[in-house]
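*Asks:* all I have is the shape, not the residue letters:
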C-alpha cells in the first residue's frame, strides 16, 4: 500500500475494500447459496396475484380488458414469428432494407425481440472482434471499479416488480451487477451513471449477460444512437436535445409552448427519462418496447419525434392542466394509460417524423465539438484515486436528507486521479488523464473538491436537479442566486423554507442555478415529491 496514505486514509481504504469484497461475494454466491439477505431486501412471501406477459408482477388481478388485449397481441405476433424467422436466417439479404423497417415499425414479436436487437446492433461482429474482453473487464471490475457500491445500491432497486429481478442476488441481478461493473471499466469516461441500470436490465430481459454488455456498449458508442453524450459529466447531449425540443414546440405547437411557459414548467422536469432512457417508466411498457424496437433501428431521431408526438396527441389535455397536473401527467398517468392504442401512437409517430423531416427539425444541430463522443480507447485501465476507491463516507447534509437519498458517488474525484495504493493490474496499459489537461476545456471544467462533484457554472446536470430562472412557480426568481434575498434559504416541497448552513450554501447556491438534489433516484421516482422527480 502507498506509504503516503495517512492512518485515517488507510483505515478508510481497508474498510472500502472489505465492503466491496463483501458485495462481490454475495453476487458470486447468488440467491440459492445461503447468502445472508436482510428482510427488507427480499420479501419472505409473495403477496402479488398476477404476472403480465412481460414479467411484471401486479398486486391485483389483470382486468378482462387487459387479458383480451394481450390475447389479441399474442395472436398477431404468432402469425408474424415465421416471417421474422425466415428473415433473420438470411439477415444480410434483408438488412438494411425496407422490409425490415416496415416490420420493425409493426412491432417485433416478443419471442424474436432479443435476437432482432442483437442483429440490428451488429453484436455477432462485435463479439467476434472483442472475444474475451467482457470476461477481462468483469474480472478487472471486481478488483478495481470504484462504482461497485453505487451499482449494488441501484441493482437492488431496479425493476424489483419484475419476475427476473425480484429475488435479491438471483441470476438476473447477478447478470445486471456484472454488466454494469464490467462496463464501468470498459468505458472509463462514463464509468457508471444512474439511469444505465434500467437500460441494462431491459437488455437482460431479452439477452444473455455478454450480449447485454455489448448491446449497452453499442448503444453508447454507435453513431446512430450515441448515448455516450447523455451520460458523461455535464450531460451535453441531454442539454442539446432539450433545447431542440423547446424549438420544436415553439415553432410547431406555439400554444402549448406558451402554456408550459406560463405554468413555468421547464423542459428538464419531464424529458430526462425520455431522452436518457428512451421513455422507460414514462409510457406503458408495451408501447415502450415498440419505441425501443424503432430506437434500436433508427437511433436518436426516435427520441425527438416521440417527444413531439406526445404533445401532438395530448395537446388539448395539456392546455387544460396546471403545473401540478402536468407533472403528474408526464411522470405517472401517461405511464399507466397512454389513452390511445399502441398502433395508433406508432402511426402518429410516423406522421410526426415526416412533419419534422419536412421542417428540417428531425434532429438537433450537431454538437459544436467532439465532446459528446468517446475520446479514450475502450478497455484502458485508468488508475483511480484513493478518494474514489474509498467513496464518500461522511454523514449526509440536511439538504441531502430533504431530497431523500445520498449524493451519487458516480463522478467523485473524477479528475483527481492517481495510481491506486496496490499499483493496478499487471500487464495492463495505463492511461494518464493528466496528459489531456493541457488545452482541454472539458477536463478543466470538472475539478474535484472535497469529494463533491462540481459542474460548470451554466451547466444543467439532470442528476443534480438544477432550478433555473423562471423554471417553476415558487422557485428562485433571481438570475444570480448569490445576490438574491433567497440565496440563504433551502427548498422544501417546491417552496423556499429555511436558512441554510454555510456548508449547504456552498453546496446548494451558486452561479445561475440552485441545486435541489444531488442524486434524485431515477429508479424509484415515486418516492419523491413532484418537484424533484426525473
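*Replies:* Done, it's in. Bear in mind the structure is a predicted one, so any value in this text is a computation, not a measurement.

*Asks:* residues making contact with the helix or strand harbouring residue 261?
*Replies:* Following DSSP states H and E, one finds residue 261 within helix 254-262. Under the contact criterion C-beta atoms under 8 Å, 6 or more residues apart in numbering, helix 254-262 has outside partners 246, 249-250, 311, 315, 318-319, 326. (Glycine included, C-beta is placed from N, CA and C.)

*Asks:* now a ChimeraX select for only the buried ones of those.
*Replies:* Buried subset of the contacts of helix 254-262, written as a ChimeraX selection, criterion 16 or more other C-beta atoms under 10 Å:
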select :246,249,311,318,326
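
*Asks:* which one of the contacts of helix 254-262 is nearest residue 182?
*Replies:* Nearest to residue 182 among the contacts of helix 254-262, counting by C-beta to C-beta, is residue 246 at 36.9 Å.

*Asks:* list phi and psi for the closest one.
*Replies:* phi -60, psi -40 (degrees, to the nearest 10).

*Asks:* how many neighbours does the nearest residue to it once chain neighbours are set aside have?
*Replies:* Sequence neighbours aside, residue 267 is the residue nearest to residue 246 in space, at 5.6 Å (criterion: C-beta to C-beta, 6 or more residues apart in numbering). Using other C-beta atoms under 10 Å, the number of residues around residue 267 comes to 21.

*Asks:* ok, residue 267 to residue 249 distance?
*Replies:* Distance of residue 267 to residue 249, computed by C-beta to C-beta, to the nearest Å: 9 Å.

*Asks:* now residue 294
*Replies:* Plainly put, residue 294 is 22 Å away from residue 249 if you go by C-beta to C-beta.

*Asks:* please apply the same query to residue 181.
*Replies:* Noted for residue 181: a distance of 39 Å to residue 249, by C-beta to C-beta.

*Asks:* state the next helix or strand along the chain beyond the helix or strand hosting residue 78.
*Replies:* Per DSSP H and E: residue 78 is located in helix 64-89. Downstream of helix 64-89, the first helix or strand assigned by DSSP H and E is helix 91-94.

*Asks:* and that next one, which residues are buried?
*Replies:* Buried, per 16+ other C-beta under 10 Å, within helix 91-94: residue 94.

*Asks:* for stretch 119-133, same thing?
*Replies:* Buried, per 16+ other C-beta under 10 Å, within stretch 119-133: 119-121, 123, 126-127, 130, 133.

*Asks:* before we move on, what about stretch 209-229?
*Replies:* 209-221, 225-229.

*Asks:* just the contacts of helix 254-262 now: which is nearest residue 170?
*Replies:* Using C-beta to C-beta, the contacts of helix 254-262 come closest to residue 170 at residue 326, 38.4 Å.

*Asks:* the closest residue to residue 291 other than its chain neighbours: how many residues sit nearby?
*Replies:* Counting by C-beta to C-beta, 6+ apart, residue 291 lies nearest to residue 279, which is 5.4 Å off, once chain neighbours are set aside. The tally of other residues near residue 279 (other C-beta under 10 Å) stands at 23.

*Asks:* tell me the contacts of residue 279?
*Replies:* Residues in contact with residue 279, defined by C-beta under 8 Å, 6+ apart, are 273, 287-288, 291, 306.

*Asks:* let's see 10 Å
*Replies:* By C-beta atoms under 10 Å, 6 or more residues apart in numbering, residue 279 lies in contact with 273, 287-288, 291-292, 295, 302-303, 306-307, 310, 334-335.

*Asks:* redo those residues as TSV? Include secondary structure and distance to residue 168.
*Replies:* Converted to TSV, those look like this (DSSP: H, G, I helix; E, B strand; the rest coil; distance: C-beta to C-beta, whole Å):
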residue	secondary structure	distance to residue 168
273	helix	25
287	helix	30
288	helix	25
291	helix	30
292	helix	27
295	helix	30
302	helix	34
303	helix	33
306	helix	34
307	helix	36
310	helix	35
334	helix	30
335	helix	25
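
*Asks:* TSV for the residues you listed, including distance to residue 186 and pLDDT?
*Replies:* Below are those laid out as TSV (distance: C-beta to C-beta, whole Å; pLDDT from 0 to 100):
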residue	distance to residue 186	pLDDT
273	24	95
287	31	96
288	26	97
291	26	98
292	22	98
295	22	98
302	25	97
303	24	98
306	29	98
307	30	97
310	34	97
334	34	95
335	32	93
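
*Asks:* so residue 54, which state does it fall into?
*Replies:* Of the three states, residue 54 takes coil under DSSP: H, G, I helix; E, B strand; the rest coil.

*Asks:* and the residue lying closest to it once chain neighbours are set aside, how far from residue 109?
*Replies:* Excluding its sequence neighbours, the residue lying closest to residue 54 (C-beta to C-beta, 6+ apart) is residue 285, at 5.6 Å. Between residue 285 and residue 109 the distance is 16 Å, computed by C-beta to C-beta.

*Asks:* higher neighbour count, those two?
*Replies:* Between residue 285 and residue 109, residue 109 has the larger neighbour count (other C-beta under 10 Å), namely 22 against 17.

*Asks:* pretty sure the more buried one sits against residue 87.
*Replies:* No. Judged on C-beta atoms under 10 Å, residue 109 makes no contact with residue 87 at a distance of 11.4 Å.

*Asks:* give me the common contacts of the two.
*Replies:* Joint contacts of residue 109 and residue 87 (C-beta under 10 Å, 6+ apart) are 103, 116.

*Asks:* can I get the contacts of residue 279 in a markdown table including neighbour count?
*Replies:* Listed next are these as a markdown table, based on neighbours: other C-beta atoms under 10 Å:
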| residue | neighbour count |
| --- | --- |
| 273 | 23 |
| 287 | 22 |
| 288 | 22 |
| 291 | 24 |
| 292 | 22 |
| 295 | 23 |
| 302 | 23 |
| 303 | 26 |
| 306 | 25 |
| 307 | 23 |
| 310 | 24 |
| 334 | 19 |
| 335 | 19 |
